[in-house]
Every structure is written in structure tokens, then in C-alpha cells.
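Peer 1: I'd like to go over a predicted model; first the sequence, then the structure.
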Amino acid sequence: MQLRNIAIIAHVDHGKTTLVDKMLRQAGVFRANQQVDERVLDSNPLERERGITILSKNAAVRWGRGGRGGRGGDTKINIVDTPGHADFGGEVERILRMVDGFLLLVDAAEGPMPQTRFVAGKALALGLKPIVLVNKVDRQDAEPLRVHDEVLELFLELEATPEQFSCPFLYTSSRYGTATRDLARPGTTLVPLFEAILETIPAPRVDREGPFQMLISTLDYSSYLGRIGIGRIERGRVRVGDTVALLPLGEPGPLGDAPYEQARIVKLFGFEGLERVALEEAAAGEIVAVAGLAGVEIGKTVTAPDHLERLAGIAVEEPTISVDFKVNDSPFAGREGKFVTGRQLRDRLFRELERNVALRVEETADPQTFTVSGRGELHLGVLMETMRREGYEFQVSRPRIIPREGPNGEQLEPYEELMIDGPEGYLGVVMEKLGPRRATLLDMRNPGVGTVRMRFKIPARGLLGYRSEFLTDTRGTGIMHHRFLEYGPWAGPLEGRSRGVMVADREGVAVAYALFNLQERGAMFVKPGDALYEGMIVGESARSGDMDVNPAKEKKLTNMRTTASDEMIVLEPPRPMTLELGLEYIEDDELIEVTPSSLRLRKRALRASERRKLARREARAAEES
């Protein structure tokens with residue numbers, strides 16, 4: 001049995017997962033009459049709701065020369081589907097160590113996007129062999145030849161080797177499951193893609209006869225087996241029942257006198273289609289999952305006990321944004337969640353570190369507060385959404401960037417590469433809003449189809465809160481993507497939110513009569529019947545300052561007759577608030593209360609008198625400084 005290990009990487013929403021689904025179908029993983037959901041690899045409920053891949057997935061197909069799929073194939077192709085969003089780049093970085101080549105998927109209309117550049121650079125630097133797939137050639141606005149040239153330009157910028165530069169190009173349609181090497185001859189199946197994989201991607205360069213050695217690239221968990229380590233066997237063979245050594249993280253090479261853990265392989269799994277199948281033995285080059293190693297972590301090396309030699313660990317880029325997770329101390333604390341204590345919150349956050357290598361968790365001076373750092377708002381937002389669905393109740397602060405110190409002691413901050421696609425008519429308003437946020441225009445292209453593509457360099461602070469503004473300014477027609485670019489000089493002070501908020505001044509229940517009178521002053525976040533407490537944010541004011549209001553004020557009942565129009569209260573729908581929108585919206589003196597069934601915005605200091613005292617104290621401190 002021959003082996004091929006490949007990753008499939010691309011920018012978000014360019015069709016990776018759909019293509020892998022079609023590869024599984026055409027390789028005979030599913031029966032011809034078997035009904036299967038679309039996007040079978042996106043099994044996580046959050047992935048299905050958002051339409052994006054969050055966690056990398058392993059699958060395997062068998063294929064033979066002459067187009068034989070299913071069990072008749074003499075080559076096993078291990079496929080790793082990866083996330084496309086920049087916030088989940090940590091998932092991509094670690095799985096690239098398991099593969100020998102990659103499929104680079106690029107949209108035939110959009111061309112290479114920021115995340116394409118990021119993941120392609122990582123893969124090319126590791127010396128992996130590429131196959132470029134210009135996908136969605138069935139789009140009306142597809143320009144596959146232009147995109148072909150743009151990919152070659154990208155490879156030149158990323159300093160690809162001559163061998164990588166002369167890789168095969170295929171033109172594919174994920175939706176219809178077709179591939180072709182020649183645009184003049186439209187494809188009918190994915191056979192050309194499978195043939196290109198067998199011809200281009202090399203078999204794993206491994207030592208089958210040496211002592212066992214394997215690097216853990218990702219983790220899974222089973223309530224029956226405990227932690228499961230997944231990775232590629234670099235050398236030798238392993239069998240169920242073998243005693244192995246689990247080496248601590250450190251420099252590659254012989255372990256020396258450092259302590260290590262010995263364990264026994266309890267279970268060994270390989271991948272067939274979408275299933276994990278039990279094996280008795282596996283050889284070098286195979287991607288396997290091993291159970292029985294209690295202290296297994298990503299980046300650790302598993303070896304034979306008589307050859308204690310470490311492999312190079314997995315380097316993951318540092319996080320750039322952090323938020324505070326706090327125990328919920330609002331008046332409604334404990335009403336909706338199962339896990340509400342500081343100990344439960346701490347255990348859950350540190351458990352997340354076992355799988356999420358791009359995350360950092362630090363304890364603070366306050367035992368009820370933990371600082372969590374990640375790649376971006378979406379990265380942290382997905383963790384919050386996952387925890388609330390598990391029954392956790394907590395509060396989170398506004399995201400803040402993680403600065404660094406430069407070589408001469410100067411302060412540096414993270415900058416992002418921002419790419420915006422939008423109609424020509426909204427070019428002015430986008431430029432106007434990004435100017436005060438310290439954005440620098442790098443280049444601008446007009447493909448001639450009524451849309452403009454702009455590329456900016458912008459401080460990560462400047463992007464906080466911009467997405468919702470951008471969607472409003474472009475009437476929902478604009479598309480924006482960003483990725484971490486570099487650390488650069490401190491950009492100076494930036495303007496915060498331009499409008500104030502309406503804050504409830506007492507506990508109660510929101511009443512339609514009160515909301516009807518308040519909606520003239522701004523946009524509401526609550527609806528009639530919602531429970532309120534003092535200090536809870538109930539809406540956005542039309543003016544710059546905060547305003548204390550009473551949304552629970554009822555109409556006094558008297559024996560005076562009123563006109564019918566008085567009863568015809570028409571309320572505007574409240575502004576929907578999601579976790580991502582909330583993180584962008586709140587200021588430093590505000591928090592988001594996250595529970596399994598509610599999201600509430602609140603002030604840190606709930607009483608109006610406390611907020612006034614704090615404001616006076618800050619004003620005095622500003623005068624003195």
C-alpha cells in the first residue's frame with residue numbers, strides 16, 4: 001500500500017470543504033444511493049451555523065491508477081481539511097507537519113486573498129509540494145487565467161523553489177465535483193485531480209526500519225480512552241501494547257538526562273474515509289491516533305524507550321489580542337448557567353489549552369478573573385460561544401491588543417493586512433472611516449466589474465469595532481478580510497465609540513410604553529418583557545454621552561379617557577447583539593454578560609453614583625498628569 005499525505009488550504013469560503021466532500025464521494029467512501037448531508041466534514045454545530053471550518057479534520061480515500069476508487073485503490077491518500085479564517089491559523093500551522101504536499105485552492109474570481117498568502121507561505125517554507133486548484137470556474141465572473149498569473153506572482157513573492165514554482169494547475173468546480181488541466185476541455189469528474197496527487201505529491205520520506213518515532217500534531221479526547229494524540233509516524237513501526245517514551249518539549253536531538261514519561265499504547269487508530277478504524281500495527285508515513293499516553297501534548301515526541309531522540313516541535317505564532325474572562329457577578333448571576341464558579345471557569349479555560357495551541361491563559365491578581373489571549377476576535381468568540389453552549393456563565397471585557405517592546409525600548413503594536421472588496425460608490429465612505437483609524441492604503445485595483453479591491457495596513461486596534469460600521473456604510477454589499485501582518489511602531493491614540501449608551505437605572509421588566517418613548521433617543525437592544533437590572537445597557541444613544549433611563553416605566557392608569565392612537569404603540573425591532581458584535585461594541589468600562597440563553601451588555605460599575613465618582617477621579621488624574 002502506497003501513501004500520500006496532503007493538506008488542503010485556502011482562504012475562507014473558497015470551497016475547500018465542499019471539494020473534500022466531492023473527493024470522498026467520487027473515491028467510493030459513500031455508497032451510490034447513500035444520502036449524506038452537504039459538508040460532511042463540518043460536523044461541529046458552530047461550523048454548520050457559521051458556514052466555516054474551525055477545526056482541522058482527517059479523512060482518507062483509496063485511489064488506484066486508471067481511476068479505481070474505493071477498496072480497489074492501491075494508494076491511500078490521507079487528506080487534512082483545514083480552516084480558512086486567519087484567526088484559526090494555529091490549526092493550519094500544526095497540521096502542515098503531518099503532510100508532504102498541499103492543495104492550494106484559489107477562487108477563480110477573487111484570486112489570492114490574505115489567508116491564501118499566509119498559509120501558502122508557511123507550506124512553501126516547509127518545502128511541501130503544491131498543486132494549485134483554481135476553483136469555482138463555473139462562476140459568471142470567473143477569470144481563471146488572471147488568477148493563474150496572480151498565483152504565480154504570489155509564489156515569486158513567497159520565494160518558492162523552482163520545483164514548487166513549476167507545480168501543476170487544475171481548474172475545478174467544488175459544487176459539481178469536476179477538474180481539468182485544460183480550460184478548453186471542461187472536466188466531468190475529479191479523476192484529473194487524483195492523478196495529479198499521485199504524480200506530484202511524493203510518498204512520505206521516512207525510515208521504515210529504524211526505531212519508532214512520532215510527533216504529536218493534534219489532540220482529541222474520548223471519555224473512554226482519555227487523551228488521544230494524532231500525528232504522523234516519522235520512523236519505524238508501532239503496535240498495540242508497545243511501551244513507548246513520551247519526551248518533554250525542548251530542542252530537537254538526544255534527550256540527555258531530562259526526565260520523561262513511559263506509557264503503553266492502549267489503542268491505535270488509522271483513518272478510512274471519515275471513520276477512525278482500530279489497527280494492530282502501523283508503519284512510518286501513516287497518520288495515526290494513539291491512546292494511552294496520559295501526558296500527551298501538541299509538539300511532544302513519542303519514541304521507542306531505547307532511542308530517546310526529540311523531533312523539532314511545532315512553532316505557532318504568538319497571539320495578538322486578549323480579553324478578560326470574569327466570574328459573572330451581575331444581579332442575575334446563576335439563573336441560567338450550570339457552571340458559574342471561578343474554579344469551574346479556570347478548569348475549562350486551562351482544558352482548552354490542551355487542543356488550542358494558539359491560545360494563552362493567564363491568572364491575574366484577582367482570583368475570579370483570567371486573561372485569555374488569541375489570534376483575533378473570531379478565535380476568542382468561538383471559544384466563548386462553545387463554553388456558553390456547554391452551560392458556562394461568565395463575563396468578558398473589551399478586547400485589547402498585546403503590545404511588544406522593540407529593540408531600542410520603543411513600544412510596538414500588531415498591524416493587520418486588511419483587504420476590502422466593495423462597490424465603487426462606497427469607496428469614499430470607506431476611506432473616510434479608515435483614515436482616523438490610522439490605516440495606510442497599500443494598493444487599489446479596479447477589475448472593471450463595478451467593484452474595487454483595496455489593501456490597507458492598519459493597527460489591530462483600529463479594526464476593533466469597524467466591521468459593523470463597514471457593513472452599515474456599504475449597505476451590506478462590502479466584503480472585508482484581514483490577517484496579522486507584523487509588529488510596527490505605536491500608531492498613537494485612536495478614537496473610540498462616537499455614541500453613548502442608554503443605561504437602565506433600576507431593576508425591573510422592559511415595558512413597551514417606556515421603550516416607545518425611548519426609541520426616539522436612539523436604537524434599543526431590549527424588547528418588552530426582557531428582565532433588566534441597574535447598570536445594564538439597554539440601547540445606544542444618539543448623542544455622545546451616556547444616559548440613565550427607566551425602560552420599566554409603566555403608563556399610569558387613571559379614569560381619564562384616551563384616544564385610540566395612544567394604544568397603538570409601534571416599536572422598532574431591537575438591534576440583534578451577537579458575541580462578535582458585542583466584543584466590537586463595548587468600551588473599557590463595560591462588560592458582556594454571557595450565559596447559555598442570554599447576552600447582556602452592562603457597565604462595570606452598576607450604580608450611577610459609582611460611575612460618577614469614577615468619572616470625577618479620572619478627570620482629576622488627567623488634570624494632574
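Peer 2: Great, that's in hand. Numbers count the residues shown, from 1 in each chain.

Peer 1: show me which helix runs longest in the protein.
Peer 2: helix 608-624 (DSSP state H).

Peer 1: for the stretch 501-625 of the chain, give me the ranges with low pLDDT.
Peer 2: For the stretch 501-625 of the chain, the stretches with pLDDT under 70 are 557-568.

Peer 1: how about the chain?
Peer 2: 1, 14, 30-57, 65-73, 84-91, 93, 315-317, 447-449, 557-568.

Peer 1: picking up where we left off before, buried residues, the longest helix of the chain. List them.
Peer 2: Neighbour-count burial for helix 608-624, counted by 16 or more other CB atoms under 10 Å, picks out 608, 611. C-beta here means a position set from N, CA and C on the backbone, and glycine is covered the same way.

Peer 1: who's in contact with that helix?
Peer 2: 503, 505, 534, 535, 546, 548, 589, 603, 605 (CB atoms under 8 Å, 6 or more residues apart in numbering).

Peer 1: I figured residue 29 hits residue 77, correct?
Peer 2: No. Look at residue 29 against residue 77 with CB atoms under 8 Å: they stay out of range, at 11.2 Å.

Peer 1: anything in contact with each of the two?
Peer 2: In contact with both residue 29 and residue 77: residue 61, using CB under 8 Å, 6+ apart.

Peer 1: just the CA atoms of stretch 438-454, as PDB, please.
Peer 2: Extracted in PDB, the C-alpha atoms of stretch 438-454 (Å, rounded to 0.1, in the frame of the first residue of the first chain):
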ATOM      1  CA  ARG A 438      -4.600  55.100  11.100                       C
ATOM      2  CA  ALA A 439      -5.000  52.800   8.000                       C
ATOM      3  CA  THR A 440      -2.400  53.200   5.200                       C
ATOM      4  CA  LEU A 441      -3.500  52.300   1.600                       C
ATOM      5  CA  LEU A 442      -1.100  49.700   0.100                       C
ATOM      6  CA  ASP A 443      -2.700  49.300  -3.300                       C
ATOM      7  CA  MET A 444      -6.100  49.500  -5.000                       C
ATOM      8  CA  ARG A 445      -7.400  47.600  -8.000                       C
ATOM      9  CA  ASN A 446     -10.500  48.000 -10.100                       C
ATOM     10  CA  PRO A 447     -11.200  44.700 -12.000                       C
ATOM     11  CA  GLY A 448     -13.800  46.600 -14.100                       C
ATOM     12  CA  VAL A 449     -16.900  44.800 -12.800                       C
ATOM     13  CA  GLY A 450     -18.200  47.600 -10.600                       C
ATOM     14  CA  THR A 451     -16.200  46.600  -7.500                       C
ATOM     15  CA  VAL A 452     -12.900  48.000  -6.100                       C
ATOM     16  CA  ARG A 453     -10.400  45.900  -4.200                       C
ATOM     17  CA  MET A 454      -8.300  47.900  -1.600                       C
END
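
Peer 1: buried sites along it?
Peer 2: Result for stretch 438-454 [16+ other CB under 10 Å]: buried residues 438, 439, 451, 452, 453, 454.

Peer 1: who's the closest spatial neighbour of the first one, skipping the chain neighbours?
Peer 2: Spatial nearest neighbour of residue 438, chain neighbours left out: residue 491 (4.2 Å); criterion: CB to CB, 6 or more residues apart in numbering.

Peer 1: secondary structure class for the one you found?
Peer 2: With DSSP: H, G, I helix; E, B strand; the rest coil as the basis, residue 491 sits in coil.

Peer 1: neighbouring strands of the lengthiest strand in the chain in the sheet, and parallel or not?
Peer 2: Ordering each strand of the chain by length in residues (DSSP state E) puts strand 411-423 first. Applying DSSP bridges to the sheet, strand 411-423 is found paired with strand 404-405 (antiparallel), strand 451-459 (antiparallel), strand 479-489 (antiparallel).

Peer 1: buried deepest among the ones you listed, which one?
Peer 2: Comparing the strands paired with strand 411-423 by mean neighbour count (mean count of other CB atoms under 10 Å), strand 451-459 comes out on top with a mean of 20.

Peer 1: show me what the next helix or strand along the chain from that strand is packed up against.
Peer 2: Per DSSP states H and E, the first helix or strand lying C-terminal to strand 451-459 is helix 460-463. Where contact means 3 or more CB pairs under 8 Å, 6 or more residues apart in numbering; DSSP states H and E, helix 460-463 is packed against strand 411-423.

Peer 1: so which bits of the strand it packs on are buried?
Peer 2: So strand 411-423, judged by 16+ other CB under 10 Å, has buried residues 413, 414, 415, 416, 417, 418, 419, 420, 421, 422.

Peer 1: what does stretch 172-184 give?
Peer 2: 172, 173, 174, 177, 178, 179, 180.

Peer 1: residues in contact with it?
Peer 2: Residues contacting stretch 172-184 (CB under 8 Å, 6+ apart): 15-16, 18-19, 22, 25-26, 105, 133-138, 144-145, 168-171, 186-193, 196.

Peer 1: just the CA atoms of it, as CSV, please.
Peer 2: Output in CSV follows, covering the C-alpha atoms of stretch 172-184 (Å, rounded to 0.1, in the frame of the first residue of the first chain):
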residue,chain,number,x,y,z
THR,A,172,-12.0,22.9,-10.6
SER,A,173,-15.6,23.3,-9.6
SER,A,174,-16.3,22.1,-6.0
ARG,A,175,-20.0,22.4,-6.4
TYR,A,176,-20.1,20.0,-9.4
GLY,A,177,-17.1,17.9,-8.4
THR,A,178,-15.1,18.4,-11.7
ALA,A,179,-11.4,19.1,-12.5
THR,A,180,-9.5,19.7,-15.7
ARG,A,181,-6.0,20.7,-16.7
ASP,A,182,-7.2,22.5,-19.9
LEU,A,183,-10.0,25.1,-19.8
ALA,A,184,-10.9,24.3,-23.4
